[in-house]
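S.K.: Output the structure for:
(one chain, ligands or ions: 2)
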Amino acid sequence: MSAFTVSSEVASALAAGRPVVALESTIISHGLPRPRNHAAALEFEALLRDRGVTPATVAVLDGVPQIGLDAEGVRRIAEEDLAKASVRDLPILAARGASGATTVAATAHLAALAGVRVFATGGLGGVHRGASQTFDESADLPTLAVTPITVVSAGVKSVLDIAATLERLETLSVPVVGYRTTQFPAFWLRESGHQLDWSVESAEEVARIMSARDVLGGREGIIVANPIPLEQQWDPLEHDRVLATAFEAAEKAGVHGKAVTPFLLGFIVEASGGRSLEVNLDLARNNVRVAADIATAWSELRLSA
Ligand code: PSU
Ligand code: MN
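M.R.: Numbering: from 1, shown residues only. Ligands and ions are numbered 1, 2, ... in the order given. Predicted coordinates:
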């Protein structure tokens with residue numbers, strides 16, 4: 001039994017030092033509604049291929065973690081009811097021959113294992129509101145402290161505790177750089193009100209940080225926080241209004257613990273008349289494009305060294 005498989009397309013790109021970008025499957029299986037999710041998965045891959053970058057969508061299928069899916073694999077992550085798989089679920093799915101859609105943590109872990117250095121997603125998991133009581137913090141954060149991959153995201157959703165998430169990333173020694181911004185973005189919005197220590201202006205600069213990190217013996221990931229373009233962001237007043245209604249509705253419905261986030265997200269898509277979903281797709285596409293530029297700059301830097 002092989003522990004995991006790397007598609008031949010991804011393996012040959014990696015062997016030749018050509019650019020590769022990992023994509024997660026939880027955003028497809030659990031983050032976007034059917035059938036839009038299938039179109040989105042294909043579109044993210046096409047955006048990469050158009051830029052000469054090989055996509056490596058990650059999922060566990062029938063017990064085998066796969067880095068790089070074929071068309072049937074992409075169909076399965078969009079259409080089947082897959083378990084949401086973080087890093088701790090991987091050995092269990094593998095031993096049982098079961099399938100799972102990988103979160104940011106599990107995707108980063110598997111992609112890095114295969115030698116992929118750049119990963120595009122929508123939003124990261126983070127520290128939940130009320131975490132001082134519940135301890136609810138995504139495994140995305142501690143995993144990125146020990147996984148050498150550069151993740152391009154639009155920050156974390158404002159349903160989470162953004163300030164606490166940034167504090168935890170500081171404690172975990174995960175570098176966070178704003179991409180052409182000095183503020184951490186808030187997923188649907190360009191700005192969260194939280195300043196970042198560092199900002200980069202180009203994909204080449206990110207590649208140089210990756211290279212320096214390697215030389216300095218780091219094993220941590222790098223978070224590139226990429227805000228959605230202003231003209232595509234959700235109207236901030238509408239955002240604040242819908243979020244307030246969503247928190248009220250969750251309270252009223254007596255939703256607690258793990259059920260809170262899915263409840264809020266479902267409510268927000270409904271209450272925004274689908275606007276939040278459009279913004280979600282736009283920011284993900286935008287992250288895929290920036291990740292393509294970073295992977296290309298990384299490949300050029302490596303080949304010129
Ligand atoms: N944020 C989003 N959409 C998502 C997720 C996060 O805006 O689909 C997914 C990602 O896969 C992320 C995971 O890794 O949720 C985090 O879940 P948890 O908090 O259970 O670790
Ligand atoms: Mn959790």
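S.K.: can you list contacts of stretch 292-305?
M.R.: Contacts of stretch 292-305 with the rest of the structure, by CB atoms under 8 Å, 6 or more residues apart in numbering, involve 17-21, 47-48, 51-53, 117-118, 120, 150, 152, 202-204, 206-208, 210-211, 224. The way it works is simple: take the backbone N, C-alpha and C, and place the C-beta from them, glycine included.
S.K.: Let me know the average pLDDT across it.
M.R.: Predicted confidence along stretch 292-305 averages 96 (mean pLDDT).
S.K.: Was I right to think Val21 contacts Ala111?
M.R.: No. Taking contacts as CB atoms under 8 Å, Val21 lies outside contact range of Ala111: 9.0 Å.
S.K.: shared neighbours, those two?
M.R.: Common neighbours of Val21 and Ala111 are listed as 56, 119 (criterion: CB under 8 Å, 6+ apart).
S.K.: Any residues of the stretch 51-200 of the chain in contact with ligand 1? List them.
M.R.: Counting by CB under 6 Å from any ligand atom, the residues of the stretch 51-200 of the chain close to ligand 1 are 86, 103-105, 122-123, 125, 138-140, 157.
S.K.: So what's the residue count around the residue of the stretch 151-300 of the chain found nearest ligand 1?
M.R.: Using CB to the nearest ligand atom, Lys157 is the residue of the stretch 151-300 of the chain that sits closest to ligand 1, at 5.0 Å. Here the neighbour count serves as a burial measure; for Lys157 (other CB atoms under 10 Å) it reads 23.
S.K.: Equivalent analysis for Ser99, please.
M.R.: 23.
S.K.: hang on, the earlier thing: now restrict the contacts of stretch 292-305 to buried residues only.
M.R.: 18-21, 47-48, 51, 53, 117-118, 120, 150, 152, 203-204, 206-207, 210, 224 (16 or more other CB atoms under 10 Å).
S.K.: Would you map out the domains in this structure?
M.R.: Per automatic domain parsing, the domain ranges recorded for the chain read 1-116, 119-305.
S.K.: And Glu137, its phi and psi?
M.R.: phi -130, psi 130 (degrees, to the nearest 10).
S.K.: so who does the nearest residue to Gly100 once chain neighbours are set aside touch?
M.R.: Take Gly100 and drop its neighbours on the chain: the residue closest to it by CB to CB, 6 or more residues apart in numbering is Ala85, 3.1 Å away. Under the criterion of CB under 8 Å, 6+ apart, the neighbours of Ala85 are 26, 60, 93, 100-103, 106.
S.K.: Buried subset of those residues as a PyMOL selection?
M.R.: Written as a PyMOL command, the selection of buried residues from those, which uses 16+ other CB under 10 Å, is:
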select buried, resi 26+60+93+100+101+102+103+106
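S.K.: Which members of the contacts of Ala85 are positioned in strands?
M.R.: Counted as lying in strands by DSSP state E, out of the contacts of Ala85, are 60, 100-102.
S.K.: Distance to Arg241 and pLDDT for these - can I get that in TSV?
M.R.: Rendered in TSV, the data for the ones in strands among the contacts of Ala85 read as follows (distance: CB to CB, whole Å; pLDDT from 0 to 100):
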residue	distance to Arg241	pLDDT
Val60	39	98
Gly100	36	98
Ala101	31	98
Thr102	34	98
